[in-house]
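A.B. asks: pasting the structure only:
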């Protein structure tokens, strides 16, 4: 194993793009001699490049206001632009290759054993394995019919849309037929009504839908009036303190709060790359939804991660009224009644989802513990090489798969991919509670080559917690679901197939 010595040197002058993302206190510190393996440098460089791809997304949003800068914006986030196309970016990459983060500090290697710029760029390309594409919106738009940058509707997609409209227009919608068509993806135009039906929020009978919607929306805002607007009353203070811990605590409250996560802390963290979720009006909507759900489910209360599960419903129901650029849309511009309807529908559909996986969020989260164990058992039977590789480097499944189960892969996939994934989950029997296990197994196997190439604990964990899916679209999600279905068919439907 090759090792690189990091010398005790003053930190170098960083390129402006690095200065923007480097904590100020770390720029002027001195380091003692540190031995860093070449593999660690590769892994850390890979992580840094992953962050630069995300930074490139933000730069592209800013460049939209400046047409003259479009070309530079597109080039700035590529993994390895040709030198003839952007020679100045090559210099930036050479500086990037020499700069690494060790224990939170930016250091520069002066060792002759350190890899040269061309070698680093080659290795980064191998580790990152990202196709060179233009930036894809994090939220699919009507104009991006398949959410992966393809041209608008094909003849096949139009025929599918017509079939959906025909099913939805019938006096009594055939839910089984609707599920069959939804498994391979739901057209954006009919996704909101289809999700309401498949989640059990709306009845199949067309004549009853308006009445049910009116009643359920009024019921939700009745909860708001009864509980949320009275949240400072003594009876509801315990739950509200999950939202606003600034309230004065009694001794009896303190033991309860030790096991509670604070909604108000999680809400700003919800999809931080999407401006939509940083709007105060949207954060207030999420606060009300999560507070009412916690009040109505005292066995679990609010658990960190539930906030993520609101976002797909909110975006899908918002898309009924917004045809372009959902991620930057000002929700406050919508009529108040429309905002209220989106909020109520998001609450009820999220509640229906959580009803099927509530043991994931009760005390000690036994549902997640069991699913992680099931994933470990499944992987040990379908890919023994990966399983043994984890054992060799002492990687526990709980260290990466807990989040996969807790957040339903929402932290691993762009939101547009999560929405497509949930089309199938809504259509699949026990999609969120059972089929998700096989999706996680297929997702793990998707990175088999990268996993087996990592030869240290740190590199493995960094890969598994930062999988490069920023450019994923419908095609990748479709392949993932097909592999998950194959695993389910072979394992769940024929468990003796994998008996040792």
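C.D. replies: Sure, I can see it. For clarity, every value in this text was computed on a predicted model and none was experimentally measured.
A.B. asks: Can you give me the buried ones in stretch 317-333?
C.D. replies: Across stretch 317-333, burial judged by 16 or more other Cβ atoms under 10 Å covers 317, 318, 319, 320, 321, 322, 326, 327, 329, 331. C-beta: built from backbone N, CA, C; applies to glycine.
A.B. asks: Going by distance to residue 346, which of the residues you listed wins?
C.D. replies: residue 317 (6.0 Å; Cβ to Cβ).
A.B. asks: what's around residue 419, how many residues?
C.D. replies: 25 (other Cβ atoms under 10 Å).
A.B. asks: and residue 387, how far is that from residue 224?
C.D. replies: In this view, residue 387 and residue 224 are 48 Å apart by Cβ to Cβ, to the nearest Å.
A.B. asks: before we move on, what about residue 195?
C.D. replies: 22 Å.
A.B. asks: which ones are touching the residue nearest to residue 216 when sequence neighbours are not counted?
C.D. replies: Using Cβ to Cβ, 6 or more residues apart in numbering and skipping residues adjacent in sequence, the residue nearest residue 216 is residue 348, 5.6 Å away. Applying Cβ atoms under 8 Å, 6 or more residues apart in numbering, we find residue 348 in contact with 201, 216, 220.
A.B. asks: any idea how far residue 164 is from the last one?
C.D. replies: I take that to be residue 220. Where residue 164 is concerned, residue 220 sits at a distance of 27 Å (Cβ to Cβ).
A.B. asks: Check which helices and strands the helix or strand hosting residue 386 is in contact with.
C.D. replies: Following DSSP states H and E, one finds residue 386 within helix 384-392. With contacts taken as 3 or more Cβ pairs under 8 Å, 6 or more residues apart in numbering; DSSP states H and E, helix 384-392 sits against helix 366-382, helix 448-453.
A.B. asks: I'd like to know which of those helices lies nearest to residue 467.
C.D. replies: Using Cβ to Cβ, the helices and strands packed on helix 384-392 put helix 448-453 closest to residue 467, at 8.4 Å.
A.B. asks: which helices and strands does the closest one pack with?
C.D. replies: helix 384-392, helix 457-465.
A.B. asks: Just name the most buried of the ones you listed.
C.D. replies: helix 457-465 (a mean of 18; mean count of other Cβ atoms under 10 Å).
A.B. asks: which element follows it toward the C-terminus?
C.D. replies: Taking DSSP H and E, what comes next after helix 457-465 is helix 474-487.
A.B. asks: Now that following helix: buried residues?
C.D. replies: 474, 476, 477, 478, 480, 481, 483, 484, 485, 487.
A.B. asks: Next: stretch 284-298.
C.D. replies: Quick answer for stretch 284-298 (16+ other Cβ under 10 Å): 285, 286, 287, 288, 289, 290, 291, 292, 293, 294, 295, 297.
A.B. asks: next one: stretch 184-198
C.D. replies: 185-198.
A.B. asks: Ok, stretch 202-221 next?
C.D. replies: 202, 203, 209, 213, 216, 217, 220, 221.
A.B. asks: List the contacts of the third one.
C.D. replies: Counting by Cβ under 8 Å, 6+ apart, residue 209 touches 202, 203.
A.B. asks: gap between residue 181 and residue 168?
C.D. replies: 10 Å.
A.B. asks: Look at those two and report which has more neighbours.
C.D. replies: Shown here are residue 181 and residue 168; by other Cβ under 10 Å, residue 181 has more neighbours (17 against 14).
A.B. asks: Now do that one, the pLDDT please.
C.D. replies: Residue 181 carries a pLDDT value of 96.
A.B. asks: going forward can the numbers begin at 39, since that is how I track them
C.D. replies: With the count now opening at 39, the last piece we talked about shows up as residue 219.
A.B. asks: Can you pull the poorly scored residue ranges out of the chain?
C.D. replies: The chain contains residues with pLDDT under 70 at 39-190, 268-300, 531-538.
A.B. asks: Domain ranges for it, per the record?
C.D. replies: 41-166, 182-225, 243-393, 404-536 (automatic domain parsing).
A.B. asks: After the helix holding residue 424, which helix or strand is next? Please name it.
C.D. replies: helix 436-444.
A.B. asks: That following helix versus helix 495-503: what angle between them?
C.D. replies: 10 degrees (axes from the mean of the first three to the mean of the last three Cα atoms, to 10 degrees).
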